[in-house]
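# requesting a structural model of the entry that follows:
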Amino acid sequence: MTPNNVNPVQWQQSVGYARSVCARVFRDGGKPADALAAFDLDVTATSTDWSIVVDRIATQISKSQVRRAA
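Modelled structure (predicted):
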């Protein structure tokens, strides 16, 4: 899933960083909900799959980097 309103390079970097964070949480014995909590995202019952968590974190990272003109 690549959002249309985000630069593709920025999206790939966000996904890479999200995968890195999720891998670290997994190695430390954490669950997908723990990775979401690290980014202050809503923890729901549908967030039990790592691939969904990676996409949600990447989306959050991409949203925070969007700059607007003055």
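
# for the helix or strand hosting Ser62, list the C-alpha coordinates in PDB.
Element membership for Ser62, per DSSP states H and E: helix 50-64. Output of helix 50-64 as PDB, limited to C-alpha atoms (Å, rounded to 0.1, in the frame of the first residue of the first chain):
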ATOM      1  CA  TRP A  50       2.800  -7.200  12.100                       C
ATOM      2  CA  SER A  51       2.300  -6.200   8.500                       C
ATOM      3  CA  ILE A  52      -0.700  -4.000   9.500                       C
ATOM      4  CA  VAL A  53       1.300  -2.500  12.300                       C
ATOM      5  CA  VAL A  54       4.200  -1.600  10.000                       C
ATOM      6  CA  ASP A  55       1.800   0.100   7.600                       C
ATOM      7  CA  ARG A  56       0.100   2.100  10.400                       C
ATOM      8  CA  ILE A  57       3.400   3.200  11.800                       C
ATOM      9  CA  ALA A  58       4.700   4.200   8.400                       C
ATOM     10  CA  THR A  59       1.500   6.200   7.800                       C
ATOM     11  CA  GLN A  60       2.000   8.000  11.100                       C
ATOM     12  CA  ILE A  61       5.600   8.800  10.300                       C
ATOM     13  CA  SER A  62       4.700  10.100   6.800                       C
ATOM     14  CA  LYS A  63       1.900  12.300   8.200                       C
ATOM     15  CA  SER A  64       4.200  13.900  10.700                       C
END
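
# for that helix, what does the pLDDT average out to?
The average pLDDT within helix 50-64 is 88.

# can you give me the offset of that helix from its chain's centre?
2 Å (C-alpha atoms, centre = their mean, to the nearest Å).

# same check on stretch 8-20?
That offset, for stretch 8-20, works out to 8 Å (C-alpha atoms, centre = their mean).

# stretch 18-29 now?
11 Å.

# list of residues touching it?
Stretch 18-29 has contacts (C-beta atoms under 8 Å, 6 or more residues apart in numbering) with 31-32, 34-35, 38, 50, 53-55, 57-58, 61. Where C-beta positions appear, they are placed from N, C-alpha and C, glycine not excepted.

# what do you get for stretch 32-44?
Residues from elsewhere that reach stretch 32-44 (C-beta under 8 Å, 6+ apart): 21-22, 25, 47-50, 52-53, 56-57, 60-61.
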